[in-house]
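*Asks:* I'll drop the sequence and a predicted model, then ask my questions.
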Amino acid sequence: MIIEDNTELADLMKEKLSGFGYVCDMAYDGESGDLKASDNDYDAILLDLNLPDRDGFELLEDWRSQGITAPVLIVTARGELEQRVKGLQLGSDDYITKPFEFAELNARIQAVIRRFRGRANPVIVIRELSLDPAIRRVELKGCEVSLSAKEFDILEYLASCYPRIVSNEELAEHVYDENFDPFSGVIRVHMANIKKKLKTGDTSILCNAKGKGYYLCLE
């Protein structure tokens, strides 16, 4: 989620980050950002400090006291050392000052998500499956697998959650934005395509636990 009251900058951030493969929910003030942070399990939150209705530090402190653990990357014009220290002490995972380069912002987002999920290596390797989020490349048994952008997003999330089962609801929350229609059947179509592309012999490494969700069966 992006919480930024400058709508022009916020929309530009969404556009640029979408190009890196992120799905972004938007909040243009503190209150709406607070509500969304409370209702959704975000992979990362980009938080401006200078909001018209709530101070970003106040929001961050409230989230941590409520047990909201989503990684928070402060994105602000406040670049003073004491401000950066305060943000980190209140529970932010990183801090970047405006103006910034989007390549650096992307790298920082990837890093905080990776740390939150307990991974040191940016490349996800599970048995014979390898995913490189930086270049969005998938290999299975040394052979490249061609996936659409959304198929890659789904597979990356399943791999990051391996070996547990991921429900349709969880996938919808992490891989699609707030406008996604859960009754559309889109997830089922994507899963069918991914399953075909991830076959080794006659067996796919993408498995379905009936009534529960999907998981990667790699042993």
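*Replies:* That came in fine, so what should we check first? Not measured: the values here are computed from a predicted model.
*Asks:* and the longest helix seen in the chain, what's its mean pLDDT?
*Replies:* In the chain, with assignment by DSSP state H, the single longest helix is helix 102-116. Per-residue pLDDT over helix 102-116 has a mean of 94.
*Asks:* same deal with stretch 149-169?
*Replies:* Stretch 149-169 comes out at a mean pLDDT of 94.
*Asks:* Mind jotting down where the strands sit in the protein?
*Replies:* Assigned by DSSP state E, the strands in the chain fall at 2-3, 26-27, 45-47, 72-76, 94-97, 124-126, 129-132, 137-140, 143-145, 199-200, 203-204, 206-209, 213-216.
*Asks:* Lowest mean pLDDT across those, which one is that?
*Replies:* Taking the mean pLDDT of the strands of the chain, strand 199-200 comes last: a mean of 86.
*Asks:* Tell me the neighbouring strands of that strand, and mark each as parallel or antiparallel.
*Replies:* strand 203-204 (antiparallel) (DSSP bridges).
*Asks:* Just give me the neighbour total for the closest residue to Ile187 other than its chain neighbours.
*Replies:* Nearest residue to Ile187, sequence neighbours excluded (Cβ to Cβ, 6 or more residues apart in numbering): Asn168, at 5.5 Å. All C-beta spots, glycine's among them, are computed from the backbone N, C-alpha and C. Using other Cβ atoms under 10 Å, Asn168 has 14 other residues around it.
*Asks:* Name all residues that make contact with the residue nearest the centre of the chain.
*Replies:* Ranked by distance to the mean C-alpha position of the chain (Cα atoms, centre = their mean), the top residue is Asp43 at 3.9 Å. Taking Cβ atoms under 8 Å, 6 or more residues apart in numbering, we find Asp43 in contact with Ala70, Pro71, Ile113, Phe116, His174.
*Asks:* Could I get the pLDDT score of it?
*Replies:* pLDDT, Asp43: 94.
*Asks:* So which residues of the protein form helices?
*Replies:* Here the chain has its helices, by DSSP H, at 7-19, 30-39, 56-66, 81-90, 102-116, 149-161, 168-175, 186-197.
*Asks:* Select, out of these, the one closest to Leu47.
*Replies:* Relative to Leu47, the nearest member of these by Cβ to Cβ is helix 56-66, separated by 5.1 Å.
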